[in-house]
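Novice: here is my input; please provide its structure:
(one chain, ligands or ions: 2)
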Amino acid sequence: MRLLLADRLPDHTVDDLTALGHEVVMEPGLSADDLPGRIAGFDGLVVRSTKVNGAVFEAADRLVLVIRAGAGTNTIDTEAASRRAVYVCNVPGRNAAAVAELTMGLLLAIDRRITDNVADLRNGQWDKQRYSKAEGLLGSTMGIIGLGSIGFLVAERAAAFGIKVQALAKPGRSPQSISRAEDLGITFCDSLEELAETSDIVSVHVPSGAETKHLVDAEFLARMKPGAILLNTSRGDVVDETALLAALDAGRVRAGLDVFDHEPGGGQAEWESAVARHPEVVATHHIGASTSQAQRAIAAGVAEIVEAFAAGEARHCVNLDPDRQGSAAISIRHLDRVGVLAHILDELRSAHINVQHMVNRVFRGGEAAVATIDVEGTVSEELLTALGAIEHVLGVSVVTLGADELS
Ligand SMILES: NC(=O)c1ccc[n+]([C@@H]2O[C@H](COP(=O)([O-])OP(=O)(O)OC[C@H]3O[C@@H](n4cnc5c(N)ncnc54)[C@H](O)[C@@H]3O)[C@@H](O)[C@H]2O)c1
Ligand SMILES: O=C(O)CC[C@@H](O)C(=O)O
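Specialist: Ligands and ions are numbered 1, 2, ... in the order given. Model (predicted):
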């Protein structure tokens, strides 16, 4: 594949991808506005914070894959990508520890007013009287909104500080997630209102989207305990900044923020934000994921996605329709010979079976492969027999996909 890296990733990323047989161009200085004019001739695009607007997909001539070298994909116009059948994949979980560490850093900085302490000392001011008023965190309650990769790691770290952790009860939580929560002693609130009213600290870790826009609004802030701390290391638009500013001005809450609505896209910029400069806020420059450890882990994840994609698998794809994965998955082991897949598809067509998704993976040595085909329709015994009888097919099996596997 020919890949364009439009943001800075660790230097070895280029070598790693080149070693996998890809041609890689790294141009970290490209802006969102530059991308449409630069994308021609590339099969894949890798970005961190640089926005990928609809114009990129209109200008692209052979783009098939966009990788967000991070977790959130709100900076990519996934609807425009879907219209052009371009896969958008993210690298989930790999920067979670870094974000959790920053979250705890913001919390400690707020509780002990560390940043103001430092600023005064740098200005030659000794003021033990002013700074001797922290509440302390032991025994306090943290409410986590968004108990995913980062939320769990924040919960672990908070628990180690003797903080009681609660999260939002959410339908569809997996058994693994429930048992992990139980192991950490996390309790669940039935509503966002209850979480706001009963938490001393609220930490937000949900993705940006229509469902989460202004999840923390004036009503939520009004329900928070007086003097409570709001932490947001997810995305700026999850918090209504106008309402937050009012709550800060009223002295009702304090906040630790790594992200802001309308923050600069990356790099350096002149930027004014009443929330970011507020004295009751400890703010950072969207650096949650910016540790070398996290960036190395993300770079490894990018290489894994490219490798899987080259082998026919769209790993961590966020824009395929989860409701259109088919009702059954047929697995066909076969010798890797020209024409076998065409013959398989012929049999499916004769049986009026509609293919929803197909992956063909070759085993080491290149002799044999396995095709996994998600199909819509009833897979009869006759069809399985016909598939098994195709020359070079070694074995056929079928799994019917239930509601859980599809969600
Ligand atoms: N500050 C940074 O540098 C930085 C770095 C990484 C991620 N992030 C942000 O943090 C977000 C979370 O990252 P993650 O890796 O934990 O993702 P994740 O997908 O593992 O976790 C998100 C969790 O939020 C839950 N959720 C979604 N909508 C919700 C809702 N309306 N109410 C309650 N819960 C809801 C999901 O079920 C999931 O458990 C990302 O989407 C990204 O925007 C920021
Ligand atoms: O790459 C970054 O600096 C930010 C990444 C972060 O916002 C994410 O969603 O993973």
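Novice: mind listing what whatever residue of the chain ends up closest to ligand 1 touches?
Specialist: Across the chain, no residue is closer to ligand 1 than Gly148, which sits at 1.8 Å (CB to the nearest ligand atom). Where you see a C-beta, it was placed from the backbone N, CA and C, and this is true even at glycine. In this structure, Gly148 makes contact with His205, judged by CB atoms under 8 Å, 6 or more residues apart in numbering.
Novice: give me that answer again for 10 Å
Specialist: The neighbourhood of Gly148, defined by CB atoms under 10 Å, 6 or more residues apart in numbering, consists of Ala71, Pro92, Gly93, Ala96, Ser177, His205, Val206, Pro207, Ser234.
Novice: go on, Gln295?
Specialist: Arg8, Leu9, Pro10, Thr13, Arg48, Ala69, Gly70, Arg94, Asn95, Ala98, Ala289.
Novice: my read: the fifth one touches Ile76, true?
Specialist: No - because the distance of 11.2 Å does not satisfy CB atoms under 10 Å, Arg48 is recorded as not touching Ile76.
Novice: between those two, what contacts are shared?
Specialist: Counting by CB under 10 Å, 6+ apart, the residues touching both Arg48 and Ile76 are Arg68.
Novice: neighbour-wise, which of the two wins?
Specialist: Comparing Arg48 with Ile76 by other CB atoms under 10 Å, the one with more neighbours is Ile76, at 26 against 20.
Novice: quick check on the residue lying closest to the more buried one once chain neighbours are set aside: phi, psi?
Specialist: Distances taken as CB to CB, 6 or more residues apart in numbering place Val52 nearest to Ile76, at 4.4 Å, with adjacent residues excluded. The phi/psi pair for Val52 (degrees, to the nearest 10) reads phi -110, psi 100.
Novice: and if you look at Val370?
Specialist: Dihedral angles (degrees, to the nearest 10) for Val370: phi -130, psi 130.
Novice: tell me which parts of the protein are close to ligand 1?
Specialist: The interface of the chain toward ligand 1, taken as CB under 6 Å from any ligand atom, is made up of 70-72, 92-93, 95-96, 99, 145-151, 168, 170, 205-208, 211-212, 233-235, 258-259, 286, 288-289.
Novice: just the buried residues of these.
Specialist: 70-72, 92-93, 95-96, 99, 145-151, 168, 205-208, 212, 233-235, 258-259, 286, 288-289 (16 or more other CB atoms under 10 Å).
Novice: count of neighbours near Asp7?
Specialist: Asp7: 20 neighbours (other CB under 10 Å).
Novice: surely it and Glu27 touch.
Specialist: Yes - using CB under 10 Å, Asp7 is in contact with Glu27, at 9.1 Å.
Novice: ok, so what distance separates the residue most central in space within the chain from ligand 2?
Specialist: When CA atoms, centre = their mean is applied to the chain, the residue found nearest the centroid is Ala71 (2.4 Å). Separation of Ala71 from ligand 2 (CB to the nearest ligand atom, to the nearest Å) stands at 4 Å.
Novice: which of the three states applies to that residue?
Specialist: Following DSSP: H, G, I helix; E, B strand; the rest coil, Ala71 is assigned to coil.
Novice: hmm, Gly151 and it touching each other?
Specialist: No - using CB under 10 Å, Ala71 is not in contact with Gly151, being 11.7 Å away.
Novice: overlap in contacts, those two.
Specialist: Residues within reach of Ala71 and of Gly151 at once, by CB under 10 Å, 6+ apart, are Ala96, Val99, His205, Ser234.
Novice: redo those residues as TSV? Include pLDDT.
Specialist: Listed next are these as TSV, based on pLDDT from 0 to 100:
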residue	pLDDT
Ala96	98
Val99	98
His205	98
Ser234	98
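Novice: quick one: those residues as a markdown table, columns for secondary structure and distance to Glu135 too.
Specialist: Listed next are the shared contacts of Ala71 and Gly151 as a markdown table, based on DSSP: H, G, I helix; E, B strand; the rest coil; distance: CB to CB, whole Å:
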| residue | secondary structure | distance to Glu135 |
| --- | --- | --- |
| Ala96 | helix | 28 |
| Val99 | helix | 24 |
| His205 | coil | 23 |
| Ser234 | coil | 25 |
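Novice: okay, those in CSV with distance to Asp240 next?
Specialist: What follows is these, written out as CSV (distance: CB to CB, whole Å):
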residue, distance to Asp240
Ala96, 25
Val99, 22
His205, 17
Ser234, 14
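Novice: return the member of the residues you listed nearest to Ala59.
Specialist: Ser234 (30.5 Å; CB to CB).
Novice: any idea how far Ala308 is from Gln293?
Specialist: Here the criterion is CB to CB, to the nearest Å. By it, Gln293 lies 23 Å from Ala308.
Novice: likewise for Thr291?
Specialist: Separation of Thr291 from Ala308 (CB to CB): 25 Å.
Novice: and Ser273, by the same measure?
Specialist: 39 Å.
Novice: Gly37 now?
Specialist: Applying CB to CB, the value for Gly37 to Ala308 is 29 Å.
Novice: between the two, which is the more surrounded one?
Specialist: With neighbours defined as other CB under 10 Å, Gly37 and Ala308 compare such that Ala308 has more, 16 against 11.
Novice: hang on, that one in a helix?
Specialist: Yes - counting by three-state DSSP, Ala308 is found in a helix.
Novice: verify the stated contact: it with Val359.
Specialist: Yes - the pair Ala308 / Val359 is scored as a contact, 9.3 Å apart, by CB under 10 Å.
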